[in-house]
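Asker: Provide a 3D model corresponding to the input given below.
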Amino acid sequence: MNMKTFTKKDIWISKSIYGQEEKDAVNRVLDSGWLGIGKESEKFERSMSEYIGMKHAMFVNSGSSALLLGLKALNLSKGAEVITCAAGFPATLNPILHCGFLPVLVDCELDTYNIDPKEIEKAITPKTEAIVFAHAAGNPCDMKGLSPILSRYPSIEDACDTIGAKYGDKMIGSFGTVSAFSFFASHHITAAGGGGMAMTNDERVMTNMFSLRDWGKKYIKPGYYQRNFSAYDVDVDGIPYDISYSYDTIGYNMKLIEVGAAFINEQFKRLLGFIEARNENHRKFMKYFFEEKGYDRYFIRPRVYEDHTPSHFFFVFILRDGVSFTRKEFGTYLEERGVHTRPFFAGNISRQPALKNSIVRKVGDLSNSNKLMEDAIMIGVHPGITDDDFQYIIDTVDAFLENK
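Answerer: Reported below is the predicted structural model:
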């Protein structure tokens, strides 16, 4: 393809899709006179609880906060070993360090980008107290292989990229002791640019997370935003006190404002359509690049486990060893022609500058995580990609590979 005959496009890797319904919902909150967490937040918590199949759902300001609150709420031993994947996003690993635990890094499977259950088994020691696993780029982890391990250890399930995915008939995000979802602007649905959700079936863990989220205050059942309880009915050091100002924990403030909840309640109505569009765009890329063009000679074909249903976040190219071009050459070519790209998140995160002075334990050579860091590149599959955009993307990839 001669790119000079084409008008350059600007195809984002992620894009929030919203309309007048979201704007009207935000205005209703603005007109209500109360902007903190309220009825809209509780409505979304109920919707997520029913959708994912978890008893408790807690709206927070980000998926990163959900992961931190979840791990902290497990009350692990000081210095406990927590196993996670070396390849991925910092939000999955950082809570382990923030909580003072020892991250134990294991490798991923190259064609799924997900933590390898066999590598987890190799990493387990008497000091192992939890597993943190992430479903990468909308592709569910091997839940058949992980489930026996999760039955032995508490776990944090990072489903931030993967809302709507399934293993069999069970929703991803319902397997961990705590699961986390992200509603950042780049994700499947958004709470006006941010937001997250922490979910659990464990009442004790839920009350711990609530207290940590809300400055350390005592747990109050849903509905307290409307103050449907008696004030000054708890005891603080012998003094009758308002439960809203009674603190059990040294906590944070990780709530989201009500306009975000109103926005995402409208987004939630669009979710199934968004997932269908993402999966269809991914399917079209797979069909064209691998079935029609035979680009297996350049790229490692992505794989989804049997009996798993994805909710794709990105399309991932992984360069095969020995190809005649570099990831930088490929990515630069796409970027210069308006097709936005990203590397595979942090890659092998232990190689990032932030981890240079952190103590971690690595299991094995992490060769697949290194490969992803060096040779993986991602493009978007979001619902905003039009038929013209799709044609432009495949034409651009073809044009690059014609000379390779």
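
Asker: what's the burial count for the residue lying closest to Q352 once chain neighbours are set aside?
Answerer: Once flanking residues are discounted, Q352 sits nearest to A346: 5.5 Å by CB to CB, 6 or more residues apart in numbering. For the C-beta atoms, the positions are set from N, CA and C on the backbone; glycine is no exception. Residues within reach of A346, counting by other CB atoms under 10 Å, total 22.

Asker: which SSE is Y18 in?
Answerer: Here Y18, judged by DSSP states H and E, is contained in no helix and no strand.

Asker: ramachandran angles for it?
Answerer: Main-chain torsions, Y18, degrees, to the nearest 10: phi -150, psi 170.

Asker: what does V178 give?
Answerer: Residue torsions, per degrees, to the nearest 10, at V178 are phi -130, psi 140.

Asker: tell me what the lengthiest helix in the chain is packed against?
Answerer: Determined from DSSP state H, the single longest helix within the chain is helix 258-286. Counting contacts by 3 or more CB pairs under 8 Å, 6 or more residues apart in numbering; DSSP states H and E, helix 258-286 packs against helix 20-32, helix 39-52, strand 314-318, helix 387-401.

Asker: let's go with 7 Å and repeat that
Answerer: helix 20-32, helix 39-52 (3 or more CB pairs under 7 Å, 6 or more residues apart in numbering; DSSP states H and E).

Asker: what sits against the residue nearest to Q352?
Answerer: A346 makes contact with G88, F89, P90, Q352, according to CB atoms under 7 Å, 6 or more residues apart in numbering.

Asker: what is the nearest of those to L366?
Answerer: Proximity of the contacts of A346 to L366 (CB to CB) peaks at G88, which lies at 11.9 Å.

Asker: my guess is the closest one meets V132, correct?
Answerer: No: here G88 does not reach V132: they are 9.7 Å apart, not a contact under CB atoms under 7 Å.

Asker: so what's A180 closest to, chain neighbours aside?
Answerer: Nearest one to A180, counting by CB to CB, 6+ apart, is A66 at 3.6 Å.

Asker: which of the helices or strands spans that neighbour?
Answerer: Using DSSP H and E, A66 falls in helix 63-73.

Asker: give the buried residues for the following helix or strand past that helix.
Answerer: Downstream of helix 63-73, the next assigned helix or strand under DSSP H and E is strand 81-85. Under the neighbour-count criterion of 16 or more other CB atoms under 10 Å, strand 81-85 has E81, V82, I83, T84, C85 buried.

Asker: where does the protein dip in pLDDT?
Answerer: The model of the chain has pLDDT under 70 over residues 1-6, 222-230.

Asker: can I see the domain layout of the protein?
Answerer: 8-15+271-401, 20-264 (automatic domain parsing).

Asker: ok, Q267 - contacts?
Answerer: Y18, E22, I189, T190.

Asker: residues contacting the second one?
Answerer: Counting by CB under 7 Å, 6+ apart, E22 touches F263, E266, Q267.

Asker: M254 contacts V60, doesn't it?
Answerer: Yes: between M254 and V60 there is a contact under CB under 7 Å: 4.9 Å.

Asker: now do the contacts for L366.
Answerer: A86, L105, D107, N348.

Asker: restricted to helices, list those.
Answerer: Among those, no member falls in helices (DSSP H).

Asker: sort out for me which of those are in strands.
Answerer: Assigned to strands by DSSP state E, the following of the contacts of L366 qualify: L105.

Asker: who wins on neighbours among the contacts of L366?
Answerer: Going by other CB under 10 Å, A86 tops the contacts of L366 with 29 neighbours.

Asker: from what I can see it touches Y113, true?
Answerer: No: A86 is not in contact with Y113 according to CB under 7 Å; the separation is 11.4 Å.

Asker: so who does S367 touch?
Answerer: By CB under 7 Å, 6+ apart, the contact list for S367 reads D107.

Asker: for R327, which non-adjacent residue is spatially closest?
Answerer: R327 sits nearest to D375 (CB to CB, 6+ apart), 5.2 Å away.

Asker: just give the number of residues close to that neighbour.
Answerer: For D375, using other CB under 10 Å, the count is 22.

Asker: still on that earlier bit, out of the contacts of Q267, which is nearest to H312?
Answerer: The closest of those to H312 turns out to be I189 (CB to CB; 14.4 Å).

Asker: surely the closest one is in contact with E266?
Answerer: No: using CB under 7 Å, I189 is not in contact with E266, being 9.2 Å away.

Asker: okay, the two: which has more neighbours?
Answerer: I189 (24 against 18).

Asker: any idea how far F317 is from the residue lying closest to the more buried one once chain neighbours are set aside?
Answerer: Of all residues not flanking I189 in the chain, Q267 sits nearest, at 3.9 Å (CB to CB, 6+ apart). To F317, Q267 is 29 Å away according to CB to CB, to the nearest Å.
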